[in-house]
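K.L.:
This is the structure alone, sequence omitted:
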């Protein structure tokens with residue numbers, strides 16, 4: 001069955017204007033009451049570590065750490081923990097960054113660079129300059145909550161990124177080189193997508209969850225189902241969107257705080273979640289200059305995804321060029337991502353929604369409503385109840401309806417590097 005896509009966008013409705021106004025007001029009030037916290041987005045890779053003897057290098061880094069204030073040192077240890085979480089989701093403990101800061105000197109150096117603490121007189125280490133972009137993010141008590149925003153991946157699937165030779169000639173040449181020696185394998189794995197592998201990773205896909213997911217364990221369970229159904233059991237490099245709700249069943253107070261946070265981000269504020277997404281894209285795409293990045297978001301996660309796209313779109317030409325290599329799948333999005341908003345050549349987006357989803361319709365920003373047509377970046381999915389599946393709610397992104405609807409776009413991405421063939 002062909003997806004239902006129309007080809008034009010009508011002007012906003014009065015409800016859309018009300019959403020925009022309320023978001024702007026909530027953002028202004030939130031910033032006035034809670035303030036913001038400065039972080040630095042590393043737009044360009046920092047210079048490599050000085051080519052020094054290991055002990056000299058260790059001494060240089062220890063002196064840099066010792067020169068920091070107590071609050072700066074705490075931020076540094078948190079950054080060390082954050083960087084480590086990008087690579088290994090199994091680390092834990094409130095003092096992990098402090099206890100393991102010297103385990104990996106390049107990681108400690110990266111943390112110093114990203115906080116703007118390196119100087120030009122330290123060997124060949126460079127200062128921030130135009131490489132670092134200062135970002136004012138919402139503070140923890142308003143913008144995050146719970147255990148806080150952080151990176152995670154599927155620990156039991158580390159190294160199981162899509163395998164070279166199993167996803168086509170185009171993706172091989174995109175990530176690894178001009179020739180392909182391995183035969184093409186099956187593109188689909190059962191009803192999921194992409195045959196998993198334990199070696200030779202070739203690309204990356206990421207996920208940010210929606211509202212009301214109170215633990216990393218809960219987020220991980222959802223990510224496993226997403227991986228199995230959409231990506232054939234491969235690893236996901238994800239950003240955890242925390243919640244003010246203490247339990248999965250929800251609470252009125254926690255829901256209200258989450259909703260206010262969401263509207264503040266829509267109104268122009270930047271969340272830590274958006275910052276983490278943007279830095280994840282920058283890191284991977286700088287490390288893989290010919291690659292593209294597939295980002296998946298669900299519900300409120302799409303709002304923070306919008307914040308990350310907006311952040312890079314405003315950070316200068318270098319960031320905008322990277323933005324053009326990001327591809328987006330938004331499932332039941334609370335904010336419908338319109339690629340024209342960000343003026344980035346190459347950015348491709350598909351938003352998937354069911355008209356029966358009353359969580360999104362009509363409350364989501366840009367949600368399709370009766371009498372208004374939607375653009376080519378929106379796919380309206382038919383809602384079918386399947387008695388052999390527990391994922392039947394119209395807002396449940398793990399429904400086979402969404403898997404079937406997204407199949408052709410994901411197929412295209414892993415063959416050509418684009419969601420829509422050029």
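P.N.:
Right, received. Where do you want to start? Quick caveat, the model's predicted, so the values are computed rather than measured.

K.L.:
any idea how far residue 74 is from residue 212?
P.N.:
For residue 212, the distance to residue 74 equals 29 Å [CB to CB, to the nearest Å]. To be clear about C-beta, it is placed using only N, CA and C from the backbone, and glycine gets the same treatment.

K.L.:
Tell me which of the two has more neighbours.
P.N.:
residue 212 (20 against 13; other CB atoms under 10 Å).

K.L.:
Which of the three states applies to that one?
P.N.:
Secondary structure, DSSP: H, G, I helix; E, B strand; the rest coil: residue 212 is coil.

K.L.:
Not counting the host helix or strand of residue 227 itself, show me its contacts.
P.N.:
Under the criterion of DSSP states H and E, residue 227 resides in helix 216-231. Residues from elsewhere that reach helix 216-231 (CB atoms under 8 Å, 6 or more residues apart in numbering): 89, 147, 150, 152, 154, 157, 162, 191-194, 205, 207, 209, 213, 233-236, 238, 240, 248, 296, 391, 397-398, 400, 403, 406, 410.

K.L.:
and it, what's its mean pLDDT?
P.N.:
Throughout helix 216-231, pLDDT has a mean value of 91.

K.L.:
Please report phi then psi for residue 383.
P.N.:
phi -90, psi 120 (degrees, to the nearest 10).

K.L.:
So what's the predicted local confidence for it?
P.N.:
90.

K.L.:
how far away is it from residue 293?
P.N.:
30 Å.

K.L.:
between the two, who's got more neighbours?
P.N.:
Remark: of residue 383 and residue 293, residue 293 carries more neighbours, 21 against 14, as counted by other CB under 10 Å.

K.L.:
so what's the most centrally placed residue in the chain up against?
P.N.:
For the chain, the residue nearest the mean C-alpha position is residue 277 (3.8 Å; CA atoms, centre = their mean). For residue 277, the contact set (CB under 8 Å, 6+ apart) comprises 206, 208, 239, 295, 304-305, 308.

K.L.:
Out of those, flag the one nearest to residue 258.
P.N.:
residue 304 (11.6 Å; CB to CB).

K.L.:
Determine the three-state secondary structure at the closest one.
P.N.:
helix.

K.L.:
Quick check: nearest residue in space to it, chain neighbours excluded?
P.N.:
Leaving aside its chain neighbours, residue 304 sits nearest to residue 273 (3.9 Å; criterion: CB to CB, 6 or more residues apart in numbering).

K.L.:
Drop anything exposed from the contacts of helix 216-231.
P.N.:
Neighbour counting over the contacts of helix 216-231 (16 or more other CB atoms under 10 Å) leaves 89, 150, 152, 154, 157, 162, 192-194, 205, 207, 209, 213, 233-236, 238, 240, 296, 397-398, 403, 406, 410 as the buried ones.

K.L.:
so who does the residue nearest to residue 143 when sequence neighbours are not counted touch?
P.N.:
Leaving aside its chain neighbours, residue 143 sits nearest to residue 271 (4.8 Å; criterion: CB to CB, 6+ apart). Applying CB under 8 Å, 6+ apart, we find residue 271 in contact with 137-138, 143-144, 149, 261, 265, 304, 307.

K.L.:
now do residue 65
P.N.:
So, once contact is read as CB under 8 Å, 6+ apart, residue 65 ends up touching 73, 76, 101, 108, 112.

K.L.:
Among the residues you listed, which ones are in helices?
P.N.:
73, 76, 108, 112 (DSSP state H).

K.L.:
So which bits of stretch 96-105 are buried?
P.N.:
96-98, 100-101.

K.L.:
quick one: which of these is nearest to residue 81?
P.N.:
Closest to residue 81, out of all of those and judged by CB to CB, is residue 97, at 3.6 Å.

K.L.:
is it fair to say the closest one lies in a strand?
P.N.:
No: assigned with three-state DSSP, residue 97 falls outside any strand and is helix.
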